[in-house]
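1. would you be able to build a 3D model of this:
(2 chains)
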Amino acid sequence: MRVALFVTCVTDTLYPGTGRATVALLERLGVEVDFPAEQSCCGQPQFNTGYRREAEPLVRRHAEAFRGYDHVVTPSGSCAAMVRENHPRIAARSEDAALERAVAEVAPRTYELSEFLVDVLGVTDVGAHYPHTVTYHPTCHGLRTLGLGDRPRRLLERVRGLELVELPGAAECCGFGGTFAVKNAAVSAAMGADKARDIEGTGAEAVCAVDNSCLMHIGGILARRGSTVRPVHLAEILAATDSTHNADGPGHDGRRTR
Amino acid sequence: MSGRTHLGMPAFPEAATSATRDARLRRNLRHATGTIRAKRAEAVAELPDWAELRAAGAAIKDRTLRHLDHYLEQLEEAVTAAGGTVHWAADAAEANRIVTELVRATGETEVVKVKSMATQEIGLNAALEKAGIRAYETDLAELIVQLGDDLPSHILVPAIHRNREEIRDVFRGRMSRWGRPAPEGLTDDPAELAEAARLHLREKFLRAKVGVSGANFMVAETGTLVVVESEGNGRMCLTLPETLISVVGIEKVVPTWRDLEVFLQLLPRSSTAERMNPYTSMWTGTTDSETADGPRDFHLVLLDNGRTDALADTVGRQALRCIRCSACLNVCPVYERAGGHAYGSAYPGPIGAILTPQLRGTTTELDASLPYASSLCGACYEVCPVAIDIPQVLVYLRERVAEGGEVTVRGQRTTIRPARGHAAERAAMRAARWALDHPGALRAGQRLAARTRRLHPRRLPGPGRAWTASRDLPAVPAESFRDWWRRTRDDRAEGDRR
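-> Residues are numbered from 1 along each chain as shown, chains lettered A, B, ... in the order given. This next block holds a predicted model:
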């Protein structure tokens, strides 16, 4: 089985710890992971802001970089959704039959991490150990576009030492929304503040999600409020074991906030 | 007097910013949308075949829209055969002119109104007022809005932004200017408020000779119009006056009664969380008997006002499936914080963000800002009873704003330029795309950021200021994932690095 890691531009640049954790986790489960160096961004910021023509070359690059793999795995619900849902739409409007074919080959084989673990590998107990109280925020594209359902929760429930606490209003958007956070800053901040308050109210040490972009927004608001709750990506929890776990706290070395 | 209009309103982000600072508004909205959201979820969960009903609703609407000309002609024929008169209005001005002339012909200077989105859309009340005709809203929430010289802020609950104390103050202070005053010592008890409205409105129902309504549906095969409502005021307006004028968007037609059945299940559960709405009134043409209920003179004004242009758009046309249930408003986290007025249209919320720029175009700053009034969370699509993929249409309309493109205006295909004010953003998007399409440049940028990480400011200038105003920035790591992989895993790394 040839599996490629699509690390995403946000994780690559700002949260490399999530990428390293994904690799460690998959290798621990016996998956041989490749990292196609020609990969870049899925084009989501461009496409979602209305610049389809700027997104198109990135769609082409993506389809070429990941051609020929059995599966593509990514630690991001929104980037997986972009590839599966919108790459075919962009290809269809490009009037380029070769691009359509290339996208049709790659898009359906692209999985968000929890989907890949549960649906392709068929595992829910990944042998992780993470002795902390955690609340789970299901990110919008993972929840609604991909339909991840309870997969991330099923994985978290099997982590030894982890206590999962319910997040009230979990399904409500955190307010990130890519360029929405800048274009409609006041509404975005108001949504984020409500989300941060709900998270703090759970008493959890960490808030977990499958998207670093949402966690960047949530974590930035929590940090500004002086909160002790740490944002942590699902991959980092699932990669943690008795030997690797950092006893200092629930955070990961790749996730510091200024 | 209700002289307020949506004209000249600021762009969405500006209006929304002031709304987020209004603590009372946020409290009112959070309470109201939260309550209705939970009730709707329960009402929908009762039906095991909701997904099939939803698909059927979407399919019927799509089929009808594909053959809209045919069904409208069938409708016109049936309405005419039943004694009604059909008028075609290309835009708001024409519709207002037709209604004004029809009212004038009766010699009356007052009309009673059934809550209607179409007449809000065209600003009928203000047009009638200019002609010396007073239009009385009879829906409780519309009455509150009208008395308060306010604008509606929700499709189903136009006064959702007001709480009981505010409504009491409006009744006490303003009712007397429009008719029967509020009873002495009126409190904010809901039953008292309802009774005050009932007494005030009853005088108008009994006096009115002309009624103006919209319609939720029009059945082509029999020429029947349908209004669903909760209060019964609509039925009073539809049955008591001698003349009834109904202004209805052309997309409201359904082919047959069998099709109607699907929507009479979808609409109440989605909008008011009711299994069936309390009043379903249907009327077909005129009645000629002195003793029977219903109008002796019936006019149907079929309103286009941008609808056929939207219909010409293969992606955006799905907005015309909308049955105005307002479920998307009630689940929208953006609507909940920005309030309905920020959308600057009779259609607020997610559906307004895709409908308004299609009906009005994207030339004004406000209309160009509407497709961006969403975090694309997808909750609106999930609850839509006719499966309008609102996030997809939002992104599609953003493209129109940012890059321009082909649109249909008054039936003519036209190429429009990007909306103003997007040049800097376009340049940034191009630069970002170039860097992302050149992994060498991307890596160089990552390394530069890593090397200078101790120097990064806590607060950003320019557009980034919006981010750092309320959030901390993440720290740039010492090494990108890409570099880590090359350093530790990639056999070819040494060769590449030369």
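
2. mind checking the SS state of B:V227?
-> The three-state assignment at B:V227 reads strand, by DSSP: H, G, I helix; E, B strand; the rest coil.

3. and the pLDDT at it?
-> The predicted local confidence for B:V227 comes out at a pLDDT of 98.

4. that one is in contact with B:G211, isn't it?
-> No. Using C-beta atoms under 8 Å as the test, B:V227 is too far from B:G211 to be in contact (10.9 Å). (Glycine included, C-beta is placed from N, CA and C.)

5. quick one: common contacting residues for those two?
-> B:114, B:238 (C-beta atoms under 8 Å, 6 or more residues apart in numbering or on different chains).

6. residues in contact with the residue positioned nearest the centre of chain A?
-> The geometric centre of chain A, computed from its C-alpha atoms, lies nearest to A:S76 (C-alpha atoms, centre = their mean), at 2.3 Å. For A:S76, the residues meeting the contact criterion (C-beta under 8 Å, 6+ apart) are A:8, A:10-11, A:112, A:210-213.

7. tell me the two of these that are most distant?
-> Maximum pairwise distance in the contacts of A:S76, criterion C-beta to C-beta, is 14.3 Å, between A:V10 and A:E112.

8. nearest spatial neighbour of A:G175, chain-adjacent residues omitted?
-> With C-beta to C-beta, 6 or more residues apart in numbering or on different chains as the criterion, A:G175 has its nearest non-adjacent residue at 2.8 Å, and that residue is A:M191.

9. mind checking the SS state of that neighbour?
-> Judged by three-state DSSP, the three-state class of A:M191 is helix.

10. give me the domain ranges for the chain.
-> Just going to use chain A. When chain A is parsed into structural domains using automatic domain parsing, the resulting residue ranges are A:3-120, A:133-254.

11. wrong one, chain B
-> Per the TED database, the structural domains of chain B span B:47-305, B:438-496.

12. for A:A4, which of the ones you listed is the nearest?
-> Proximity to A:A4, assessed across the domains of chain B by C-beta to C-beta, is greatest for domain B:438-496 (12.1 Å).

13. quick one: that closest one near chain A?
-> Yes. Contact of domain B:438-496 with chain A is found when judged by C-beta under 8 Å from any C-beta of the partner chain, involving B:439, B:442, B:446, B:449, B:456, B:458, B:463-464, B:466-467, B:469-477, B:479-482, B:484-486, B:489-490.

14. what's the spacing between B:I133 and B:L240?
-> 18 Å (C-beta to C-beta, to the nearest Å).

15. equivalent analysis for B:A449, please.
-> 72 Å.

16. same check, this time on B:A159
-> B:A159 sits 24 Å away from B:L240 when distances are taken as C-beta to C-beta.

17. of the two, who's got more company?
-> More crowded of B:A159 and B:L240, by other C-beta atoms under 10 Å in any protein chain shown: B:A159, with 25 against 19.

18. in chain A, where is pLDDT below threshold?
-> Under the criterion pLDDT under 70, the flagged ranges of chain A are A:244-258.

19. can you map out the strands along it?
-> Chain-ordered strands for chain A, with DSSP state E as the definition, fall at A:3-5, A:33-34, A:71-74, A:110-112, A:133-136, A:163-165, A:206-209, A:230-233.

20. contacts for the following helix or strand past the fifth one next, please.
-> Per DSSP states H and E, the first helix or strand lying C-terminal to strand A:133-136 is helix A:140. For helix A:140, contacts defined as C-beta under 8 Å, 6+ apart pick out A:78, A:173, B:375-379.

21. out of these, which is nearest to A:E100?
-> Of all those, the one with the least separation from A:E100 (C-beta to C-beta) is A:S78, at 22.8 Å.

22. can you give me every residue that contacts residue 62?
-> No chain in the question, so chain A it is. The contact partners of A:H62, taken as C-beta under 8 Å, 6+ apart, are A:6, A:39-40, A:42-43, A:83, A:87, A:106.

23. actually chain B
-> When contacts are counted by C-beta under 8 Å, 6+ apart, B:D62 touches B:318, B:321.

24. buried sites along the helix or strand hosting it?
-> Using DSSP H and E, the element containing B:D62 is helix B:50-66. For helix B:50-66, burial by neighbour count (16 or more other C-beta atoms under 10 Å in any protein chain shown) applies to B:50, B:53-54, B:56-58, B:60-61, B:64-65.

25. just send the residues you listed back as a markdown table, with pLDDT and distance to chain A too.
-> Shown next, in a markdown table, are the buried residues of helix B:50-66 (pLDDT from 0 to 100; distance: C-beta to the nearest C-beta, whole Å):
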| residue | pLDDT | distance to chain A |
| --- | --- | --- |
| B:W50 | 97 | 16 |
| B:L53 | 98 | 20 |
| B:R54 | 98 | 15 |
| B:A56 | 98 | 22 |
| B:G57 | 98 | 20 |
| B:A58 | 98 | 17 |
| B:I60 | 98 | 25 |
| B:K61 | 98 | 22 |
| B:T64 | 98 | 25 |
| B:L65 | 98 | 21 |
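
26. give me the more crowded residue out of A:V10 and A:E112.
-> A direct count of neighbours by other C-beta under 10 Å for A:V10 and A:E112 places A:E112 higher, at 29 against 22.

27. that one pairs with what?
-> A:E112 forms beta bridges with A:T74, as assigned by DSSP bridges.

28. tell me who's in contact with it.
-> By C-beta under 8 Å, 6+ apart, the contact set of A:E112 is A:73-77, A:80-81, A:142, A:146, A:148, A:210.

29. just to revisit the earlier point, and B:A312, which of the domains of chain A is closest to it?
-> Taking C-beta to C-beta as the criterion, B:A312 comes closest to domain A:3-120 out of the domains of chain A, the separation being 17.1 Å.
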